[in-house]
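J.: attaching a predicted model along with its sequence, questions to come.
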Amino acid sequence: LSYEIKVEEKYRELDFPPLMLISLVENAIKHGLETKAGNGLIVITVDKLEPNRLRVNVSDNGAGLKAGLGGGLGLANIREQLFSRFGDAASLTIAALPEAGTIASIELPLSDTNA
């Protein structure tokens, strides 16, 4: 298992809800990489979107998105936390990658102090 974290220094100190990133990495390992033979790779990227939004992606080169996945308890908890903190201004999306694997993306508004 290897990983890459692609985050510009200026984004490393931004507020981000606790434990969500851990849950997404755990899902990538459990549902994507455990069932795949060979080397596994997880990539975490952070981008600032306009206007004043943050996107955090966790992608893997695993087995890919299978029918019925994407609605588990861990992801439901993340969606619930996002809604309770940000209402409709935040989202979690899960998608298959064209080459293989899955990407999970959290988008949320930046606070005025982080913008």
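T.: Noted; the coordinates are in hand. Numbers count the residues shown, from 1 in each chain.
J.: what packs against whichever helix or strand Ala76 is part of?
T.: For Ala76, the element it lies in under DSSP states H and E is helix 73-86. Helix 73-86 makes packing contacts with helix 20-27, strand 91-96, strand 102-109 when contacts are defined by 3 or more C-beta pairs under 8 Å, 6 or more residues apart in numbering; DSSP states H and E. Every residue, glycine included, has its C-beta placed from N, CA and C.
J.: apply 6 Å and report the result again.
T.: Of the remaining helices and strands, those touching helix 73-86 by 3 or more C-beta pairs under 6 Å, 6 or more residues apart in numbering; DSSP states H and E are helix 20-27.
J.: the helix it packs on to strand 102-109, inter-axis angle?
T.: 170 degrees (axes from the mean of the first three to the mean of the last three C-alpha atoms, to 10 degrees).
J.: next, the buried residues of the helix holding Ala76.
T.: Neighbour-count burial for helix 73-86, with 16 or more other C-beta atoms under 10 Å as criterion, is recorded at 74-75, 78, 81-82.
J.: I'm done for today, thanks for sticking with me.
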